[in-house]
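A.B. asks: I'll drop the sequence and a predicted model, then ask my questions.
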Amino acid sequence: MAEQRRTCAACGTANEEDARFCEGCGASLARVCATCGVEANATARFCRGCGAPLDGLVKKPDPPAANPVRKTVTVMFADLSGFTALTQMLTPDELSMLLNEFIATVSEVVHADGGRIVKFIGDEVMWVSSTPERLGKAAVDLVNHPKAVEAGLDVRAGLGYGQSLAINGDYFGTTVNLAARLVGAAKPRQILASQAVRDELPDWPATACDPLTLKGFDAPVTAYQLRGTP
């Protein structure tokens, strides 16, 4: 029987079958669904997270970057309000169903509104887009998605806009940190946007919040609750 090898999509190096990272460039060899970002096993034909076919839809890993790239992006974090308490109330099977519903809802919004899922972290998703308008619409559609409402998912979101450091497909910096803190401060089914997002979307219906005290930020932060779409 011929020895099985895993070919790196980033550099073309043939690796051992059990390799997790490429020996040639260090890129991850994991198969990742391009629709929802969930990792798939080597023989899967359909994504276990969203049901999308994997043939031709597997995200190719980014090769390791020699230097960070500075980009201007809109960043959104969205999660399930009260998830920690739910983990103590639900059985593992019920919790799995809840997360699968959330992933499926996110996947539908990605298809409709665009942007790119950076990663899932438990019940939280990080999402980026080049335009605040697109990600604002995605946030509204996700929080008010019929499937989310029907499943009783209290989704909330935080939006930031500005320069970030892009490293191997992930993003870092103050803009990212602010979006992450805003989702933590948001109430169930609430969308909080930074001042920079508000400046880019002056015609979007929004209500100014009282200044927020957020971890990692020395001064109170101005935020706005986005409502509907323009």
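C.D. replies: Received, thanks.

A.B. asks: which residue ranges of the chain form strands?
C.D. replies: Using DSSP state E, the strands of the chain run over residues 5-7, 14-16, 31-33, 39-40, 58-59, 69-80, 116-121, 124-129, 155-167, 170-172, 191-194, 206-208, 223-226.

A.B. asks: buried residues, the last one. List them.
C.D. replies: Within strand 223-226, the residues that qualify as buried by neighbour count (16 or more other Cβ atoms under 10 Å) are 223-224, 226. Glycine gets a C-beta too; all of them are placed from N, C-alpha and C.

A.B. asks: ok, the second one next?
C.D. replies: Within strand 14-16, the residues that count as buried by 16+ other Cβ under 10 Å are residue 15.

A.B. asks: that one: how far from the chain's middle?
C.D. replies: Here the centre of strand 14-16 is set off from its chain's centre by 30 Å, with Cα atoms, centre = their mean, to the nearest Å.

A.B. asks: just checking: what are the partner strands of it?
C.D. replies: The strands beside strand 14-16 in its sheet (DSSP bridges) come out as strand 5-7 (antiparallel).

A.B. asks: pull the number of nearby residues for residue 221.
C.D. replies: One way to gauge burial is a neighbour count; for residue 221, by other Cβ atoms under 10 Å, it gives 18.

A.B. asks: isn't it up against residue 215?
C.D. replies: No - proximity of residue 221 to residue 215 does not meet the contact threshold set by Cβ atoms under 8 Å, at 10.6 Å.

A.B. asks: now list whatever residues contact both of the two.
C.D. replies: By the contact definition Cβ atoms under 8 Å, 6 or more residues apart in numbering, residue 221 and residue 215 are jointly contacted by residue 181.

A.B. asks: contact partners for residue 144?
C.D. replies: Applying Cβ under 8 Å, 6+ apart, we find residue 144 in contact with residue 189.

A.B. asks: got the phi and psi for it?
C.D. replies: phi -110, psi 10 (degrees, to the nearest 10).

A.B. asks: hey, which helix or strand in this protein has the poorest pLDDT?
C.D. replies: The element with the least model confidence among the helices and strands of the chain, by mean pLDDT, DSSP states H and E, is strand 58-59, at a mean of 47.

A.B. asks: low-scoring stretches of the protein, by residue?
C.D. replies: Per-residue confidence of the chain (counting by pLDDT under 70) places the weak regions at 1-6, 8-12, 18, 20-22, 24-43, 48-66, 230.

A.B. asks: would you mark the buried spots in the lengthiest helix in the chain?
C.D. replies: Assignment by DSSP state H gives helix 92-113 as the longest helix of the chain. Counting neighbours by 16+ other Cβ under 10 Å, one finds that the buried residues in helix 92-113 are 98-110, 113.

A.B. asks: residue 19: how many residues sit nearby?
C.D. replies: Each residue near residue 19 was counted by other Cβ under 10 Å, and the total is 14.

A.B. asks: before we move on, what about residue 173?
C.D. replies: Number of residues near residue 173 (other Cβ under 10 Å) recorded here: 18.

A.B. asks: make sure it is actually in contact with residue 165.
C.D. replies: Yes - with contacts defined as Cβ under 8 Å, residue 173 counts as touching residue 165 at a distance of 5.2 Å.
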